[in-house]
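Give me the fold of what follows.
(one chain, ligands or ions: 2)
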Amino acid sequence: MIGTARKPMEEILEALDGYERITVMGCNGCAKACKTGGEAEVDDMVKALDRAGKSVVWQVTPERTCYIQHTKGSLQGHEQEISSTDAFLVLGCGGAAQVARQAFDEMGVIMPVKIGLNSVGHLDTVIAGKLAIEQCQECGDCVLNETGGICPITKCAKSLLNGPCGGAQDGKCEVDPARDCAWALIYDRLKALGELDKLKIYREPKDYGKSNKPRTLVIG
Ligand code: SF4
Ligand code: SF4
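Numbering: from 1, shown residues only. Ligands and ions are numbered 1, 2, ... in the order given. Purely as a prediction, here's the structure:
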């Protein structure tokens, strides 16, 4: 999921300066899981905007705001609310806000779309409802088959591909001693799998051209 954290209210109000009638759009996907943009957080934002003197016209929480069909579907039949709105505030990731802007573009509506969250990375839940961490940087050329299923690009502070830097102490990373050294984890895992010979394979520098932005995927 895309991890999100709420922007400070002062920053949100600054973005909404000059816009009085606001619609708040949440996201029942990742932002709900992060407790930043589900229905409860949209309710909280509506109250905060009300306290700040804004007039909230409407609130809506598509199933997944980054899916154009969900976002457009949630807007259909609400032409009156849309025409009464000066600006939309999206409590979703940067992708959700841009898809919302695209939905308005496709409807022929020039709508200011502001964002109330900061996107902090593609994270995966490791403790349900409590903790998500980055597991993969979507490099486009996965090496998990050779590293015991542990990603050195993401979990090593230096993204080393050919073994440890030598600075680890007691299995902890020299960059952040609170974290395990990724290559110590990879070594332990390969040893348990009887695949330590994989450590002898030299890996060429990665072709980061495969992750040129913006990346695209032709679906189907
Ligand atoms: S090597 Fe790491 S960053 Fe690249 S695709 Fe695999 S898990 Fe993701
Ligand atoms: S100590 Fe381990 S995880 Fe940290 S930078 Fe060195 S090799 Fe990478």
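
List the contacts of the residue lying closest to D86 once chain neighbours are set aside.
Once flanking residues are discounted, D86 sits nearest to Y19: 4.0 Å by Cβ to Cβ, 6 or more residues apart in numbering. (C-beta placed from N, C-alpha, C; glycine too.) By Cβ atoms under 8 Å, 6 or more residues apart in numbering, the residues touching Y19 are K54, D86, A87, P112, K114.

Break the chain into its domains for me.
Listed by automatic domain parsing, the domain ranges of the chain are 2-122, 138-207.

how about the strands of this protein, start to end?
Ranges of strands within the chain are 2-6, 21-25, 55-60, 87-90, 113-115, 117-127, 131-134, based on DSSP state E.

need those in TSV with mean pLDDT, can you?
Compiled in TSV, those are given as follows (pLDDT from 0 to 100):
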stretch	mean pLDDT
strand 2-6	96
strand 21-25	98
strand 55-60	98
strand 87-90	98
strand 113-115	98
strand 117-127	93
strand 131-134	93
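
out of the ones you listed, deepest packed?
Mean neighbour count (mean count of other Cβ atoms under 10 Å) peaks for strand 87-90 among the strands of the chain, with a mean of 25.

Can I get it as PDB, trimmed to CA atoms?
Provided in PDB are the C-alpha atoms of strand 87-90 (Å, rounded to 0.1, in the frame of the first residue of the first chain):
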ATOM      1  CA  ALA A  87     -11.900  23.200  -4.100                       C
ATOM      2  CA  PHE A  88     -11.600  19.500  -3.400                       C
ATOM      3  CA  LEU A  89      -9.400  18.400  -0.500                       C
ATOM      4  CA  VAL A  90      -8.200  14.900  -1.100                       C
END
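
who touches that strand?
Residues outside strand 87-90 that contact it (Cβ under 8 Å, 6+ apart): 12, 15-16, 19, 21-27, 37, 45, 49, 65, 96-97, 100, 104, 111-117.
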